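Student: pasting the structure only:
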């Protein structure tokens, strides 16, 4: 009698606790909230973040792939990338299923085809990419090569006209022409 009733109540409560159908919407809301906090923090602390990051489309992971949702949580670019970065200066750095890096626009169309083994996001109109069997190369938003850094081990995005570089564990800077 009482045990059967208690078991029925426990079973019905267990069924009500299954919220697995909410995982994706909750994840999207958490990501949107984090993006909002980041947006507020960067605007508060450094003036404006608008010129660097765009939060109109936010990368989200679904299964094994990344896509982009808008501020309403709707997919604008379906999940298809191995990795995906925030949009910077109108382009987003993505990695395809073959582990090649390229850049897409906000419609998901490749502006710069995925043909690089590594890449940075765009900053101040330039990005650094490394072609297969090649050297670190600075490109513009059309994919045009600006200069090649043959003896550099690592490079970071441009900031205030200079990019930090590492060579043999020593750090320095290059300007927009590639001059150390």
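Tutor: Alright, I've got the coordinates. Bear in mind that the values here come from a model prediction, so they are computed numbers and not experimental data.

Student: Distance from stretch 112-126 to the middle of the chain?
Tutor: Centroid displacement of stretch 112-126 relative to its chain, using CA atoms, centre = their mean, to the nearest Å, is 12 Å.

Student: That one: end-to-end distance?
Tutor: The first residue of stretch 112-126 is 12 Å away from its last residue (CA to CA, to the nearest Å).

Student: Strands of the protein, start to end?
Tutor: When assigned using DSSP state E, the strands of the chain occupy the ranges 58-62, 65-69, 75-81, 83-84, 92-95, 101-104, 110-119, 126-131, 136-140, 145-149, 154-159, 162-167, 170-174.

Student: could the ones you listed go into TSV alongside mean neighbour count, mean pLDDT and distance to residue 180?
Tutor: For glycine as for every other residue, the C-beta is placed from the backbone atoms N, C-alpha and C. Output for the strands of the chain, formatted as TSV (neighbours: other CB atoms under 10 Å; pLDDT from 0 to 100; distance: least, CB to CB, whole Å):
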stretch	mean neighbour count	mean pLDDT	distance to residue 180
strand 58-62	18	95	34
strand 65-69	19	96	35
strand 75-81	17	96	34
strand 83-84	18	97	30
strand 92-95	24	97	25
strand 101-104	23	98	25
strand 110-119	18	97	21
strand 126-131	21	97	15
strand 136-140	20	97	13
strand 145-149	15	96	9
strand 154-159	16	94	11
strand 162-167	17	94	7
strand 170-174	13	94	6
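
Student: Local confidence estimate at the closest residue to residue 88 other than its chain neighbours?
Tutor: Nearest residue to residue 88, sequence neighbours excluded (CB to CB, 6 or more residues apart in numbering): residue 121, at 4.6 Å. We have a pLDDT of 95 for residue 121.

Student: again with residue 55
Tutor: Residue 55 is given a pLDDT of 86.

Student: Quick one: residues contacting residue 177.
Tutor: Going by CB atoms under 8 Å, 6 or more residues apart in numbering, residue 177 touches 146-147.

Student: How about the contacts made by the residue nearest to residue 88?
Tutor: So residue 121 contacts 85-86, 88, 91-93, 127, 157 (CB under 8 Å, 6+ apart).

Student: run the last query once more with 6 Å
Tutor: If you count contacts by CB atoms under 6 Å, 6 or more residues apart in numbering, residue 121 has them with 85, 88, 93.
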